[in-house]
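[1] Here is my input; please provide its structure:
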Amino acid sequence: MCGIVGVVGQGPANQEVYDSLLLLQHRGQDSTGIATAEASGVFHIFKAKGQVREAFRTRDMRALLGNIGLGHVRYATKGTASSEEEAQPFYVNAPYGIVLVHNGNLTNTRELTQELFRTDRRHLNTSSDTELLVNVLANELQESISGLELDPAQIFQAVARVHERVEGSYAAIALIAGYGLLAFRDPFGIRPLILGTRKADNGAYEWTVASESLVLENGGFEVVRDVEPGEAVFIDLDGRLHTKQCATNPQLVPCSFEYVYLARPDSEMNGISVYEARLRMGERLADTIAKYTPKDAIDVVMPIPDSSRPAAMQVARKLGVEYREGFYKNRYVGRTFIMPGQAVRKKSVRQKLNAMSSEFKGKNVLLIDDSIVRGTTSKEIIQMARDAGAKSVIFASAAPPVRFPHVYGINMPSRHELVAHGRTIPEIAEELGCDYLVYQEVDDLKAAILEGSPDVEDLDMSCFDGRYITGTVSEEYLAWVEGNQES
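    So this is what the prediction gives:
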């Protein structure tokens with residue numbers, strides 16, 4: 001999971017991109033990068049490890065010249081989290097010069113790597129699938145060029161060929177030197193991408209495309225629409241918008257985990273409010289809790305801040321139980337789910353959360369979290385509740401058990417790391433140390449999200465049900481991913 005943004009404006013793009021990345025910081029904290037382009041085609045690129053505020057200095061921003069730009073925040077799903085070479089954006093110098101950022105995960109990287117080396121004669125310097133993607137795009141753009149000038153039709157032809165070659169999830173934004181900004185989304189629309197516009201003081205249209213709608217709204221852009229699955233959007237240097245559907249059989253099947261955890265609640269994706277979806281998750285979870293826990297066994301309902309708060313509020317309301325905030329969150333520690341390594345993740349939990357004894361002492365507490373992945377965080381939180389004096393601890397997840405690897409852009413590659421894999425719910429409860437454990441039903445999660453939009457008919461729920469929507473994820477591939485992760 002990453003956050004991406006692109007801007008085509010009338011004034012300098014650097015500050016606009018920087019401000020947007022601050023709003024997307026929750027989507028990745030390993031590294032960040034910005035690229036801008038002058039009308040002459042000259043690129044300026046700066047990228048570094050760490051979060052946005054600590055990565056960029058005034059001198060870095062001053063060097064990012066031009067009215068067109070893009071940016072990226074990253075957490076590692078491929079490559080090395082600590083390597084600055086893996087930070088985005090990635091650049092190739094032909095044809096014309098292309099710089100690209102990408103959110104997602106390619107699932108045929110082995111085949112593409114061989115094709116690029118043996119057939120396309122292109123060299124890769126990292127293990128990043130973003131470098132793969134920019135090279136595939138560059139090669140197909142080279143093949144599509146006819147004549148001296150590059151036109152939108154040739155660009156869209158290249159994207160169509162990218163769709164034919166690349167498998168997996170990808171929302172991408174690229175700058176093409178001397179021509180403009182290109183954005184495109186995989187044929188299933190797994191990862192989000194949203195287009196917005198506003199009028200500059202001179203009356204010209206400015207454009208932005210980003211992972212979440214809150215970026216557009218904060219910048220004063222009007223949300224035009226989501227980029228369609230398989231669609232390419234090209235904005236030239238004069239601010240003219242060109243669009244085309246470049247996939248043969250596009251189908252909108254967005255990632256359910258965006259609504260469970262990844263996106264900010266004040267965003268809207270694919271016409272579905274993230275906040276409203278989480279409220280509906282709480283409504284349905286309450287019914288399951290009532291079914292599987294003893295009556296009068298709950299004195300208070302508490303969220304694990306922050307993403308579970310809407311669901312917890314609805315659970316408390318529907319069960320008729322008092323809602324309380326028992327954990328205080330340190331805002332200066334990153335999201336533990338996207339921290340690499342179990343040891344780092346475990347240590348950070350107690351730095352991130354503090355249990356207030358006055359809210360726990362002598363009470364039967366129902367804790368609500370958005371999901372349980374590896375179980376490290378959940379186990380620590382349950383113990384914290386007990387240490388704070390809780391009489392009993394019921395733990396509930398607004399998402400179903402995560403039993404399968406997620407290969408479309410979330411760091412869940414190894415089955416043995418997933419606490420629910422190969423375990424029954426009572427066995428998971430014993431592992432976590434809670435008195436009762438309740439999970440959202442798979443069908444209830446799907447219904448809670450889909451209720452928000454008549455246009456979305458299906459979701460990628462592969463980490464819950466093992467159904468990989470691209471149809472190209474085999475058992476052999478999953479074993480290879482796990483082996484590659486462990487090596």
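[2] Enumerate the positions of stretch 62-75 that are buried.
    Within stretch 62-75, the residues that count as buried by 16 or more other Cβ atoms under 10 Å are Leu64, Gly66, Asn67, Ile68, Gly69, Leu70, Gly71, His72, Val73, Arg74, Tyr75. To be clear about C-beta, it is placed using only N, CA and C from the backbone, and glycine gets the same treatment.
[3] With stretch 47-58 instead?
    Under 16+ other Cβ under 10 Å, the buried positions of stretch 47-58 are Lys47, Ala48, Lys49, Gln51, Val52, Ala55, Phe56.
[4] Would you quantify the distance from Arg403 to Arg467?
    12 Å (Cβ to Cβ, to the nearest Å).
[5] Looking at these two, which is more packed in?
    Arg403 (16 against 12; other Cβ atoms under 10 Å).
[6] Do I have it right that the more buried one meets Leu418?
    Yes. Using Cβ atoms under 8 Å, Arg403 is in contact with Leu418, at 6.4 Å.
[7] secondary structure class for Gly362?
    coil (DSSP: H, G, I helix; E, B strand; the rest coil).
[8] And it, how far from Val315?
    For Gly362, the distance to Val315 - Cβ to Cβ - is 21 Å.
[9] One more: Cys463?
    22 Å.
[10] Show me which of those two is the more surrounded one.
    When Cys463 and Val315 are compared for neighbours, Val315 comes out ahead with 30 against 27, by other Cβ under 10 Å.
[11] Surely that one is in a strand?
    No. Read with three-state DSSP, Val315 is helix and lies in no strand.
[12] got the contact list for it?
    Contact partners of Val315, counting by Cβ atoms under 8 Å, 6 or more residues apart in numbering, are Gly282, Leu285, Ala286, Ile289, Val301, Val321, Leu366, Ile368, Ala396.
[13] Pick the one among these closest to Asn125.
    Nearest to Asn125 among the contacts of Val315: Ile368, at 44.7 Å, using Cβ to Cβ.
[14] dump the residue contacts of the closest one.
    282, 285, 301-304, 308, 311-312, 315, 396-398.
[15] element containing it, please.
    Secondary structure assigned from DSSP states H and E places Ile368 in strand 364-369.
[16] Counting by contacts, list what the next helix-or-strand element following that strand packs against.
    Following strand 364-369 in sequence order, the next helix or strand is helix 376-387 (DSSP H and E). In terms of contacts (3 or more Cβ pairs under 8 Å, 6 or more residues apart in numbering; DSSP states H and E), helix 376-387 is packed against helix 342-352, strand 353-355, strand 364-369, strand 392-397, helix 425-432.
[17] Show me the beta-bridge partners of the closest residue to Leu241 other than its chain neighbours.
    For Leu241, ignoring the flanking residues on the chain, the nearest one in space by Cβ to Cβ, 6 or more residues apart in numbering is Ile235 at 5.6 Å. Beta-bridge partners recorded for Ile235 (DSSP bridges): Leu181, Leu241.
[18] what's near enough to touch Ile235?
    Ile235 neighbours (Cβ under 8 Å, 6+ apart): Val8, Gly180, Leu181, Trp207, Leu241, His242.
[19] And for Asp266?
    Contacts of Asp266 by Cβ under 8 Å, 6+ apart are Leu214, Val274, Tyr275.
[20] For these, give me a markdown table that also has neighbour count.
    Formatted as a markdown table, the contacts of Asp266 follow (neighbours: other Cβ atoms under 10 Å):
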| residue | neighbour count |
| --- | --- |
| Leu214 | 20 |
| Val274 | 26 |
| Tyr275 | 18 |
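[21] Adding pLDDT as columns, could you present these in CSV?
    Shown next, in CSV, are the contacts of Asp266 (pLDDT from 0 to 100):
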residue, pLDDT
Leu214, 97
Val274, 97
Tyr275, 97
